[in-house]
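Asks: based on what follows, work out the 3D shape:
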Amino acid sequence: MKYNVIILFILSCLLFSCQNNLETKNPNVIIVITDDQGYGDIGYNGNPHLFTPNLDKFANESLRFNNFNVSPVCAPTRSSLLTGRYSLRTGVTDTYNGGAIMSPNEITLAEIFKENNYKTGIFGKWHLGDNYPSRPSDQGFQESLIHLSGGIGQVGDFTNYYKGSTSYYDPILWLNNKQKKYNGYCSDIFTDEAIMFIEDNKDNQFFCYLSFNAPHTPLQVPDKYYQMYKDIDLANIKGESLKMTEKDILDARKIYGMVSNIDENFGKLINKLDELKLKENTIIIFMTDNGPQQPRYVSNLRGLKSQVYNGGIKVPFYLNYPKIHNKGQDLDFFSAHIDVLPTIAKLCDIPVPDDRIIDGIDLLDNTINKSERDFFSYWTRKSPELYRNISLNTGNYKLVANTDYNSPIEKFELYNLELDPYETQNIILSQRNTGLEMKSRMDEIYNELINSKNLLNKPRISIGTTNENPTFLNRNDASGQRGIWNQNEVFGFWKVKFETGLYNFKFKFNNLDITDGEITLELGNNVYRKEVNIDKDGFALMKQIKVSEGKYDLTPFFSLGRKNILPFWIEIERL
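Replies: Numbers count the residues shown, from 1 in each chain. Below is the predicted model of the structure:
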């Protein structure tokens, strides 16, 4: 009898301890982000043709940040989302041209969570560096399933590039930095793997970053979802005719099919959380990374992806966490991607880094005046250009610069977004003093950001370390001429950092008529030249090159008479 009482006492203590742990356990966090899905690409925001029942239901039950802003293109948005900082502070300036590598000294949400005993996983698009030390596994993610560069089958994703119009199906992905072939459609794969991660960590605290590459180009969609839209006149909305070509309409049908697939996968994710009884203690965010690339329904907003008008930077953002709200709610104050890190950190009772500038704010802190804050946005290919596609929000006003570097204030655009949310009435002439004040602030922020240490000392790819050997240098990370893509005759180089060692270089070329010639490899002031014959698969080798430790601009080219051909990618192995 005595022992039974003792056992019952111990069991009751254990039960109380377990209940107490469940009550005090920090929330799980799931961020779902899609690629090039604009503000109007969801039924909840008034699109009468788009079928998104799961996202609509989620939006209806969530905190809806109706004035949420991001960068005009994807890599800058993703760097700001994960760091709480303007992308220029992180070293990210572009989507390629070597501008989509985030500095390894940045501290990401994943690193913060990992340090606080969370399990961390990414599934889908990373787009902030494909090599050490800027890969997801180097930036806090313990489990990493990604594709390379900005999209599956893009030039930087050399593992799927040659699949062409089927790259979204049965792709070769990178699981914890190793290539692995998967079966199925990419969005289904990423969702299923994210759900497995959640199941494996249901008894832990976890951070799951489900980052779809859809509905980004190339527009590949399972027929089941395309059939939902193939006969709908998408250029006609409530009797209004949108300016869409036949190609735009065809593209929109594919994109809507891709979005409906995402919606179905999102429903699977939510159902799994319900099944595992995790939803009550999980912060779930749904958002997109910028506006739509192609013309279609945009809820009457002006502009598209790559532009700083609202159509390019205003996106859906829904936050669901039952412990802080019991029904859906509209929040109309200005908010942005830089605010996600400080907001989530506060909800999880985790400190943000205090050794650097965090540009975002805690959106749920009612003591912060959110009405007069500044928000700077920009995008031009390769590097930011003064007064070219730059904007500044301050309170209800938005100053837009789409002009020359030395233009007078009259060449700028000023909008009162409270009165004119669709940016149709430029009031710069009647509000000249307001425009001048905002231009002064724009200049101040611009000059600060372009002098960020991670821009002055751009991130470099480390070669020859035990963390990654061999190293593959792809076109997405090649610097040089603006718009380096898949061209042969283009000047390019990679910013790298070598360990001392002996190396083999393997160069891949595409579509060459002549295969006998000379390869030149420049590493800083060191120049190596070799007569080669490029084999039938487009490969050429330079073996056993001694390289000393140091930072170099690695510049390779294949000479054909007066033509210099840039390799499509390079494999570098330390022996």
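
Asks: low pLDDT regions in the chain?
Replies: Along the chain, segments meeting pLDDT under 70 span 1-24.

Asks: now do the helices in it.
Replies: Per DSSP state H, the chain carries helices over the ranges 2-24, 53-61, 74-83, 87-90, 109-115, 186-200, 223-226, 246-275, 310-313, 340-347, 432-450, 453-456.

Asks: orientation of the longest one relative to helix 186-200 in degrees?
Replies: Yep, that's helix 246-275 we're talking about. Inter-element angle recorded for helix 246-275 and helix 186-200: 10 degrees (by axes from the mean of the first three to the mean of the last three Cα atoms, to 10 degrees).

Asks: just how off-centre is helix 246-275 within its chain?
Replies: 18 Å (Cα atoms, centre = their mean, to the nearest Å).

Asks: can you give the domain ranges for this structure?
Replies: 25-347, 374-456, 461-574 (automatic domain parsing).

Asks: mean neighbour count added to the helices of the chain, as CSV?
Replies: The way it works is simple: take the backbone N, C-alpha and C, and place the C-beta from them, glycine included. Below are those laid out as CSV (neighbours: other Cβ atoms under 10 Å):
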stretch, mean neighbour count
helix 2-24, 9
helix 53-61, 19
helix 74-83, 28
helix 87-90, 26
helix 109-115, 21
helix 186-200, 21
helix 223-226, 15
helix 246-275, 20
helix 310-313, 28
helix 340-347, 22
helix 432-450, 16
helix 453-456, 15
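
Asks: export those to JSON lines and tack on distance to residue 487?
Replies: Converted to JSON lines, these look like this (distance: least, Cβ to Cβ, whole Å):
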{"stretch": "helix 2-24", "distance to residue 487": "57"}
{"stretch": "helix 53-61", "distance to residue 487": "39"}
{"stretch": "helix 74-83", "distance to residue 487": "21"}
{"stretch": "helix 87-90", "distance to residue 487": "26"}
{"stretch": "helix 109-115", "distance to residue 487": "35"}
{"stretch": "helix 186-200", "distance to residue 487": "26"}
{"stretch": "helix 223-226", "distance to residue 487": "32"}
{"stretch": "helix 246-275", "distance to residue 487": "24"}
{"stretch": "helix 310-313", "distance to residue 487": "27"}
{"stretch": "helix 340-347", "distance to residue 487": "36"}
{"stretch": "helix 432-450", "distance to residue 487": "28"}
{"stretch": "helix 453-456", "distance to residue 487": "26"}
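
Asks: so which of the ones you listed comes closest to residue 536?
Replies: helix 186-200 (30.4 Å; Cβ to Cβ).

Asks: identify the residues contacting that closest one?
Replies: 28, 30, 119, 121, 123-124, 143, 145, 147, 152, 168-169, 171, 173, 182, 184, 206, 208, 210-214, 258, 261-262, 265-266, 268-269, 272-273, 276, 278 (Cβ atoms under 8 Å, 6 or more residues apart in numbering).

Asks: buried subset of these?
Replies: Using 16 or more other Cβ atoms under 10 Å as the burial test, the contacts of helix 186-200 include 28, 30, 119, 121, 123-124, 143, 145, 147, 152, 168-169, 171, 173, 182, 206, 208, 210-214, 258, 261-262, 265-266, 269, 272-273, 278 as buried.

Asks: mind checking which of the residues you listed are in strands?
Replies: 28, 30, 119, 121, 123-124, 143, 145, 173, 206, 208, 210-211 (DSSP state E).

Asks: run the chain-centre distance for the lengthiest strand in the chain.
Replies: Longest strand of the chain, by residue count under DSSP E: strand 550-560. Strand 550-560 sits 29 Å away from the centroid of its parent chain (Cα atoms, centre = their mean).

Asks: who does it pair up with?
Replies: Using DSSP bridges, strand 550-560 pairs in its sheet with strand 492-498 (antiparallel), strand 516-523 (antiparallel), strand 563-565 (antiparallel).

Asks: what's the closest of the ones you listed to residue 351?
Replies: Nearest to residue 351 among those is strand 492-498 (31.2 Å), distances taken as Cβ to Cβ.

Asks: what comes up buried for that closest one?
Replies: 492, 493, 494, 495, 496, 497, 498.

Asks: who touches it?
Replies: Here strand 492-498 makes contact (Cβ under 8 Å, 6+ apart) with 98, 458-464, 473, 475, 477-481, 484, 522-523, 547-556, 566, 570.

Asks: now do stretch 555-564
Replies: Here stretch 555-564 has contacts from 488-489, 491-493, 505, 507, 509, 512, 514, 517-522, 532, 534, 540, 565-567, 570, using Cβ under 8 Å, 6+ apart.

Asks: among these, which ones are buried?
Replies: Buried by 16+ other Cβ under 10 Å: 488, 492-493, 505, 507, 509, 517, 519, 521-522, 532, 534, 540, 565-567, 570, out of the contacts of stretch 555-564.

Asks: for residue 545, see how far away residue 575 is.
Replies: Distance of residue 575 to residue 545, computed by Cβ to Cβ, to the nearest Å: 10 Å.

Asks: and if you look at residue 355?
Replies: On the measure of Cβ to Cβ, residue 355 and residue 545 end up 39 Å apart.

Asks: if you count what's nearby, which of these two comes out ahead?
Replies: Legend: neighbour count by other Cβ atoms under 10 Å for residue 355 and residue 545, higher for residue 545 (17 against 5).

Asks: can you pull the contacts of the most centrally placed residue in the chain?
Replies: The chain has residue 78 as the residue nearest its centroid, 3.5 Å off, counting by Cα atoms, centre = their mean. When contacts are counted by Cβ under 8 Å, 6+ apart, residue 78 touches 33, 125, 126, 127, 128, 211, 289.

Asks: correct me, but the second one touches residue 145?
Replies: What it means is residue 125. No: contact criterion Cβ atoms under 8 Å: residue 125 and residue 145 do not qualify, at 10.7 Å.

Asks: please identify the buried residues of the longest strand of the chain?
Replies: For strand 550-560, burial by neighbour count (16+ other Cβ under 10 Å) applies to 552, 554, 555, 556, 557, 558, 560.

Asks: in JSON lines: those, plus distance to residue 113.
Replies: Listed next are these as JSON lines, based on distance: Cβ to Cβ, whole Å:
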{"residue": "552", "distance to residue 113": "35"}
{"residue": "554", "distance to residue 113": "35"}
{"residue": "555", "distance to residue 113": "39"}
{"residue": "556", "distance to residue 113": "39"}
{"residue": "557", "distance to residue 113": "43"}
{"residue": "558", "distance to residue 113": "45"}
{"residue": "560", "distance to residue 113": "51"}
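
Asks: need the overlap of contacts for residue 575 and residue 545.
Replies: Counting by Cβ under 8 Å, 6+ apart, the residues touching both residue 575 and residue 545 are 502, 503, 504.

Asks: which of these has the most neighbours?
Replies: Counting by other Cβ under 10 Å, top hit in those: residue 503 with 22 neighbours.

Asks: what are the bridge partners for that one, then?
Replies: On the basis of DSSP bridges, residue 503 is bridged to residue 545, residue 574.

Asks: cool, and residue 394?
Replies: residue 374, residue 397.

Asks: can you pull the contacts of it?
Replies: 372, 373, 374, 375, 438, 441.

Asks: over to residue 419?
Replies: When contacts are counted by Cβ under 8 Å, 6+ apart, residue 419 touches 396, 425.
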